[in-house]
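In: here is my input, please return the structure:
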Amino acid sequence: MCVVGRNILVVGIADKGNALKELPVQVIAMDTGAQAIGCLRKEKIDTIISHWELCDMAARRLGVDAVLSEDIDDELFRETVCQILGISTVASMQMADSYSGL
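Out: Sure thing, here's the model as predicted:
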């Protein structure tokens with residue numbers, strides 16, 4: 001199954017666009033809750049991922065799907081996004097392709 005055109009709003013977490021570059025998603029990054037609310041009014045967003053304590057509000061007020069630490073590593077960030085959207089990671093697809101059987 002190929003999921004195309006999924007928009008992910010990431011709030012208060014350092015840029016993670018490179019962690020998702022091979023996935024069919026667009027990352028929209030914001031620093032504050034107020035910026036995120038403005039984005040939600042303008043864009044169709046499929047999922048929201050945020051740091052828990054934003055400088056101007058708590059993540060729960062945004063209706064986030066996942067709360068992650070600011071310094072999360074790329075691999076865990078990617079796994080979280082894939083799990084939320086119900087898509088396979090590229091790494092897991094490559095492993096399946098390279099399986100030679102016993």
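In: got the phi/psi numbers for I49?
Out: phi -120, psi 130 (degrees, to the nearest 10).
In: likewise L68?
Out: Torsion angles, degrees, to the nearest 10, at L68: phi -130, psi 160.
In: cool, and S50?
Out: phi -150, psi 160.
In: what's the burial count for it?
Out: Using other CB atoms under 10 Å, S50 has 27 neighbouring residues. Placement of C-beta: from N, CA and C, glycine included.
In: in the sheet, who's paired with it?
Out: Residues in a beta bridge with S50, per DSSP bridges, are V11, V67.
In: quick check: pLDDT value at it.
Out: The model reports S50 with a pLDDT of 90.
In: wait, it sits on G12?
Out: Yes - using CB atoms under 8 Å, S50 is in contact with G12, at 5.6 Å.
In: shared neighbours of the two, which are they?
Out: By the contact definition CB atoms under 8 Å, 6 or more residues apart in numbering, S50 and G12 are jointly contacted by A59.
In: for stretch 6-23, list every residue counted as buried.
Out: R6, I8, L9, V10, V11, G12, I13, K16, A19, L20, L23 (16 or more other CB atoms under 10 Å).
In: meant to ask about stretch 73-81
Out: Using 16+ other CB under 10 Å as the test for burial, stretch 73-81 gives F77, R78, T80, V81.
In: and the first one, that's in a helix?
Out: Yes - note on F77: a helix contains this position according to DSSP: H, G, I helix; E, B strand; the rest coil.
In: distance check, it against A36.
Out: Separation of F77 from A36 (CB to CB, to the nearest Å): 17 Å.
In: look up how far L85 lies from the closest residue to V25 other than its chain neighbours.
Out: Once flanking residues are discounted, V25 sits nearest to R6: 4.6 Å by CB to CB, 6 or more residues apart in numbering. To L85, R6 is 6 Å away according to CB to CB.
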